[in-house]
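Student: fold the following, please.
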Amino acid sequence: MWRALGRPAAALTLACLLAGGCAMDSKLHSYKMERLESAGLGKVVRELSDGLVDENGEPKKDSDTADLLELGAALSENGQFERSNAVLEAVYRRFVESEEGPVISLRKTGSSFAEATISSGLSEYEPAEFEKIFLLAIKEKNYLLMGDLEGAAVEARRARLIERVLREKVDSEKASVTGDLSDGRAERKLRVPEEARLRMARISSSTENPFAMLLTAFTHIARGEIDDATIEARRAALASESGQAQNLLSALEGAGPLPNVYIFALCGRAPVKRQVDVRLINFSTGAMQKLSFPTYNPRGRESCAVRAEDVALEPAAFTDLLAYKEFEEKLPYEIFKTFTRAIARTAKDAALQREMKGLGGLIGTISNELMEGADTRSWTMLPKMVYFGAVNSSAEELRVEVEAAGDDRRFDLKINPGGINLIVVTANAQGIAANTASFGP
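Tutor: Modelled structure (predicted):
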């Protein structure tokens, strides 16, 4: 049997049989994170740090990318902004080359026939496109909360360049998919909910993150770059239903006084991926073909009620929608890759049928069940929703009230009435916290 399979496929199949199944590593990620988060944010930071960073606090070269993303978000929520940026920068450098401008590495897209024969989830995790934009937004937020406007501006410029490159990448992947590759069964199982589809109409790409845009608008305002801030606020107003984003745009365009306090509230947790399977009988080999696709599963209905004095913050960015948008954009390509794997495995099943006769179909079915699986890893510690508000205040303290995750908190936060102020609230099952930064005189 092993001779018929060929050495690489035989070794992989044997490893799967000994391990009790392939493509399982990717499924374990969300379970691990749920366990860690249930024990508290400190547990997440301690346990992930133990295996991912060296004695100098630097990320190890062989550390898992998905785990590094989780650690970067956890450190940021824990107020360890410099450490968070060091971890997230390591991830950034894994998927971007910056010698002559950001160029996305296409080496791990799985587009080649050889790579497509190996199940998703067994190779290094490549962040989703919307996760890459979130990574830069979190780094920008970290720099702002450290008082480093120049560092924040660098991340803002990176985000705009990366966004353009990612759009080109998605267009290239779409162009590589030709013809009708299935009977429609996968599309029916993987259909985006109608409500989400209607709300996605405002978004032309999963990389259009209003949180990143509004944060960059703040960075430009704090640097006195009003024209650039207006551009970002306009983009955010077009991509978001937030009236607060529209109010900021109006102020930047001269329709009223420019706010001096900007509040972001990061609430809940991002959706996680799940696996959807479609099974077809291959009549030419007698084996059952299992086709596995990744899709997103929203977590809970967490929402926040946040007020800054008398102003209610409004939802500006929905991570669920960004994830669904990317899923919809990439679905034809995911189906293409999955069917390419199925075609490659048909040759293996045929070899089994010739050598093993009646047992060939059974062995092929078992092998397909073990070897096929979708990559269900994702960045689980991203916020589910980001709320935004901007106010004018001449006081030296601003009251912020938060109701979220069955808890409520009241903060009386110091601000600089003569400068530009940033307030970032995080609210989820791990608790509610607030951080501030002020810029200007």
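
Student: from now on I want contacts and neighbour counts done on CA atoms only, so please keep to that.
Tutor: OK.

Student: confirm Ala152 sits in a strand?
Tutor: No: looking at Ala152 with DSSP: H, G, I helix; E, B strand; the rest coil, it is helix, so not inside a strand.

Student: got the contact list for stretch 194-203?
Tutor: 238-240, 321, 324-325 (CA atoms under 8 Å, 6 or more residues apart in numbering).

Student: now with 6 Å, please.
Tutor: Under the criterion CA atoms under 6 Å, 6 or more residues apart in numbering, residues Ala239 lie in contact with stretch 194-203.

Student: how about the strands in the stretch 251-400 of the chain?
Tutor: 261-267, 272-282, 287-297, 305-308, 311-312, 314-318, 385-391, 397-404 (DSSP state E, counting those that start in this stretch).

Student: Throw the ones you listed into a markdown table and include mean neighbour count and distance to Leu52, thanks.
Tutor: A markdown table is the format used below for those (neighbours: other CA atoms under 10 Å; distance: least, CA to CA, whole Å):
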| stretch | mean neighbour count | distance to Leu52 |
| --- | --- | --- |
| strand 261-267 | 24 | 25 |
| strand 272-282 | 16 | 22 |
| strand 287-297 | 22 | 26 |
| strand 305-308 | 20 | 35 |
| strand 311-312 | 15 | 40 |
| strand 314-318 | 23 | 29 |
| strand 385-391 | 24 | 28 |
| strand 397-404 | 18 | 31 |
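
Student: nearest to Ser250, out of those strands?
Tutor: Judged by CA to CA, the one of the strands of the stretch 251-400 of the chain that comes nearest to Ser250 is strand 385-391, at 12.0 Å.

Student: tell me the SS of Pro127?
Tutor: Under three-state DSSP, Pro127 comes out as coil.

Student: what number of residues lie near it?
Tutor: 19 (other CA atoms under 10 Å).

Student: ok, back up a step: can I get the strands of the stretch 251-400 of the chain in JSON lines with mean pLDDT?
Tutor: Listed next are those as JSON lines, based on pLDDT from 0 to 100:
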{"stretch": "strand 261-267", "mean pLDDT": "97"}
{"stretch": "strand 272-282", "mean pLDDT": "76"}
{"stretch": "strand 287-297", "mean pLDDT": "75"}
{"stretch": "strand 305-308", "mean pLDDT": "94"}
{"stretch": "strand 311-312", "mean pLDDT": "93"}
{"stretch": "strand 314-318", "mean pLDDT": "94"}
{"stretch": "strand 385-391", "mean pLDDT": "96"}
{"stretch": "strand 397-404", "mean pLDDT": "94"}
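
Student: okay, the ones you listed in TSV with distance to Ser438 next?
Tutor: Below are these laid out as TSV (distance: least, CA to CA, whole Å):
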stretch	distance to Ser438
strand 261-267	9
strand 272-282	35
strand 287-297	38
strand 305-308	16
strand 311-312	20
strand 314-318	22
strand 385-391	14
strand 397-404	12
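
Student: between those strands, which gets nearest to Leu215?
Tutor: The nearest among those, by CA to CA, is strand 261-267 at 8.5 Å.

Student: so how far is Glu326 from Leu413?
Tutor: With the distance defined as CA to CA, to the nearest Å, Leu413 ends up 37 Å from Glu326.

Student: again with Lys32
Tutor: On the measure of CA to CA, Lys32 and Glu326 end up 24 Å apart.

Student: which one's more surrounded, those two?
Tutor: With neighbours defined as other CA under 10 Å, Lys32 and Glu326 compare such that Glu326 has more, 17 against 11.

Student: show the contacting residues for that one.
Tutor: By CA under 6 Å, 6+ apart, the contact set of Glu326 is Ser206.

Student: relative to Ile162, how far out is it?
Tutor: From Glu326 to Ile162 the distance is 15 Å (CA to CA).

Student: all good on my end, thank you.
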